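Novice: missing the sequence, but the structure's below:
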């Protein structure tokens, strides 16, 4: 295990990164605006579980492939961007959905948000690069625990803290839509806003320099 001082520095740095608004947080907020708080929470769960794919990849050294094979990185990046744009456009054009106000729609939206979010996170190579660049700063090569276990342990903490920040964002966004959902026009506007945000994230990812 890292020393106490190193571990405390890791926790402080992770907390700082977690609460800086980033793509995952904006994505969860957009899902909340478009589909309701329950879907936002399911989206956060999907992002969280998808994050473990990158934790395991970093522990196994697979994330190094993105550095070694730039074309692979670009292919995954563009696939993720295209998927986000497709989701956003579909959400923008869909009929308005409330949060538990229309029986039968919300559970389906929640399940859809979960599976979409797992896919979005797995197809985000930036997450893999982040773990690969961030975690080694707090790995103690002289510790008794193998390095891969330290990767998994620290990566799990990072994933949990980032997901906590996402949930806080969803709850805040949910408080806003609770006040507005009685108006069908406001509900439609929120759904279009959420869809536009997700599509915008996809465009940003596609054109962002590596």
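Specialist: Thanks, I have it. No experiment lies behind these values; they were computed from the predicted model shown. Numbers count the residues shown, from 1 in each chain.
Novice: Just the element for residue 72, please.
Specialist: Using DSSP states H and E, residue 72 sits within helix 70-93.
Novice: just checking, next helix/strand downstream of that helix?
Specialist: Next along from helix 70-93, by DSSP H and E: helix 105-122.
Novice: and that next one, what does it pack onto?
Specialist: Under the contact definition 3 or more C-beta pairs under 8 Å, 6 or more residues apart in numbering; DSSP states H and E, helix 105-122 sits against helix 23-35, helix 37-60, helix 70-93. Every C-beta, even on glycine, is put in place using the N, C-alpha and C of the backbone.
Novice: what is the mean pLDDT for that helix?
Specialist: Average pLDDT, helix 105-122: 80.
Novice: quick check: angle from the helix holding residue 72 to helix 105-122?
Specialist: Interaxial angle of helix 70-93 relative to helix 105-122 (axes from the mean of the first three to the mean of the last three C-alpha atoms, to 10 degrees): 160 degrees.
Novice: Residue 195 against residue 86, yeah?
Specialist: No: counting by C-beta atoms under 8 Å, residue 195 does not reach residue 86; the two are 10.7 Å apart.
Novice: need the contact list for the residue lying closest to residue 110 once chain neighbours are set aside.
Specialist: Ranked by C-beta to C-beta, 6 or more residues apart in numbering and with sequence neighbours excluded, the top spatial neighbour of residue 110 is residue 42, at 4.2 Å. Going by C-beta atoms under 8 Å, 6 or more residues apart in numbering, residue 42 touches 110-111, 113-114, 117.
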